[in-house]
Structure formats: C-alpha cells, structure tokens
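**Q** How does the following fold in three dimensions:
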Amino acid sequence: MKKQLLSIFAILLMYCGLTASAQEITTVFHNDFSEFTNGSEENPGTTDISGYSGALYKSTKFPKWNGKSVYEAGEKLLIGDNGNLETCSYKMSDFGGIIKVSMKLRARDSYGALVGIYLGYSSIASVVLENDQWTDYSIVVAGGSSVSRIKVAASISLSGVLIDDLKVEQSESFYPAPVAKQPSNASKTEFTASWGSVSGATAYLLDVYSKNGSTKEYVLNNEEVTGLSKKVTDLDATKQYFFTVRAKKNEIVSDYSNEIRVVPVISSVAAPVATEATDI
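**A** From the prediction side, this is the model:
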C-alpha cells in the first residue's frame, strides 16, 4: 500500500511539473507565414502585399500587420531593401514588459545584409547577416506595453531579406542582457571591462577569454561582479582577448551580452625628433 501511495505521489509531482513547465512561457504571437504560399525563396512573388489594401493587412490569421516592400516567398516573407515588416499592436506588458523576440532571417545576397529590429519606435537590435544562409536570432528586452508593435527592417540588401517564424514570448524566467562596452582603458596586458546596468540586477557574470580556433580559453569564467566594471590584469601580451557579460537577478540569468574584442588604447604618441635639413 505504501509503495502504491508513493507511486501515485510521484505521478502527481510529474504531472504538476509538466503543467508548470508548459505554462512557464506565454506566446504573445507566432507567425510562420504559412498562409503566404505564392513564390519561393529563390523566386519570390512580385506583388507588394503591404499597405492597408494588401494581403498582409487582410491576413486571416494575423490581421492588420503592415509594412513596406513585403512579398510572398513560399510560406515565408521577403522584405525588400529599405523595406520593413510591422506587426499590429499586442499586449506585451506582463512580467514587467520583458519580452523575447525570435525569428529566422536569411539575406538573399551572398554578402549578407543589415536588419534592424524595433519595439515600437525604439531600436532594440541591429543584426548583421554575414552571408546568405538562414540564421536563428533572438533577443530579450524590456519595454513591452499594453499596445506594442514589432518592426523588422532590411537595408544594405539589394535582393532583400527573407523572414520566417517571427515570435514574441513572455516569461518570468526571461531577463534582458546587459550591453558590453569597448574599454576606454586597455593595454596588451590589462583592461577594464565595463557594461551598462540592467534594472533589478543583483550581480553580473563576466567571461574573459582568448580564442584558439573555435575554442575559448578562459581567463575569467562566470566571475560574479556586483558593480558595472572589473579590472582584468596579468594578461598574455601575445594574445587577443574578448569578453561578454550576463545579468543576474537572484536565480534568473540573462543571455550573453554582445562580444567585445579588446583593443589597446593609445593614450599618447612620442614626439618626433627633428633632424638636420637636407637638399637646401
């Protein structure tokens, strides 16, 4: 009897755990653009579906989305050069307005493209696509409100940028990453790593490393710092160093910040030495 009760209790715990896990992340919207079937990735449609009379605004699954220079591309969308895709307004004010924006992007030109991501009128990311391969991108930011829009804009892209699986999620476990800064005080053997503050952060986790191919060789790994900077010393002058940082709020840890390549700062230059004039 005791074993049966323990088994039932274990099943109940498992069920409750699964339920809690399933409810942990709330999806505000997720558009895979499957209703836009004309054209293909290699040969997109030629009709701009943006604008108030376009198929994008009249979508049955995601009505009132808009933009500029948007085309169907076989269950994906193409954003033309200097064009943009903009959602309608959604409620993104839960969990203090912290949201996770995710998408798949692909430049159609081999040299890549630049993609700007906006929350309302505020720029939240500039994504550099370095080639014409699909790239998964996500960012966690604060600033969501009861009427928020996401806009994705393409530039430096003669043939445009393909987009798929545009999604916004919210969760108590999401936390914005800090913005790492280029050191203003750096030499070949030491530098001061610094970053912007994140509201509510109780500490920051700093990684400092050099690279051996694709392998990171750490000087500091998950070094907990309570302030917004840390001096790193005793470095090997023959190596190139990088750093990233994460914000920590009690047990919640953000994604990694942008990676900084440490560049020695030249604070002074020796004065030139004059020589006797020649060929007078």
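**Q** And the strand or helix carrying Met103, what does it pack against?
**A** Per DSSP states H and E, Met103 falls inside strand 99-107. The contact analysis (3 or more C-beta pairs under 8 Å, 6 or more residues apart in numbering; DSSP states H and E) places strand 99-107 against strand 113-119, strand 122-129, strand 135-141, strand 161-171. From N, CA and C alone the C-beta is placed, and that goes for glycine too.
**Q** what's the closest of the ones you listed to Thr37?
**A** Taking C-beta to C-beta, strand 161-171 is the member of the helices and strands packed on strand 99-107 nearest to Thr37, at 13.3 Å.
**Q** If you count neighbours, what's buried in the closest one?
**A** Buried residues in strand 161-171, counted by 16 or more other C-beta atoms under 10 Å: Val161, Leu162, Ile163, Asp164, Leu166, Lys167, Val168, Glu169, Gln170, Ser171.
**Q** Now distance to Ala277 and pLDDT too, for these, in a markdown table please.
**A** Listed next are those as a markdown table, based on distance: C-beta to C-beta, whole Å; pLDDT from 0 to 100:
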| residue | distance to Ala277 | pLDDT |
| --- | --- | --- |
| Val161 | 59 | 98 |
| Leu162 | 64 | 98 |
| Ile163 | 65 | 98 |
| Asp164 | 69 | 98 |
| Leu166 | 68 | 98 |
| Lys167 | 71 | 98 |
| Val168 | 70 | 98 |
| Glu169 | 72 | 98 |
| Gln170 | 73 | 97 |
| Ser171 | 73 | 94 |
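**Q** now, which of these sits nearest Gly120?
**A** Comparing the buried residues of strand 161-171 against Gly120 with C-beta to C-beta places Val168 closest, at 12.7 Å.
**Q** dump the residue contacts of that closest one.
**A** Thr27, Val28, Phe29, His30, Tyr90, Met92, Ile99, Lys100, Val101, Ser102, Ile150 (C-beta atoms under 8 Å, 6 or more residues apart in numbering).
**Q** Kindly recompute the last result at 10 Å.
**A** Residues in contact with Val168 (C-beta atoms under 10 Å, 6 or more residues apart in numbering) are 26-31, 87, 90, 92, 99-103, 119, 144, 148, 150.
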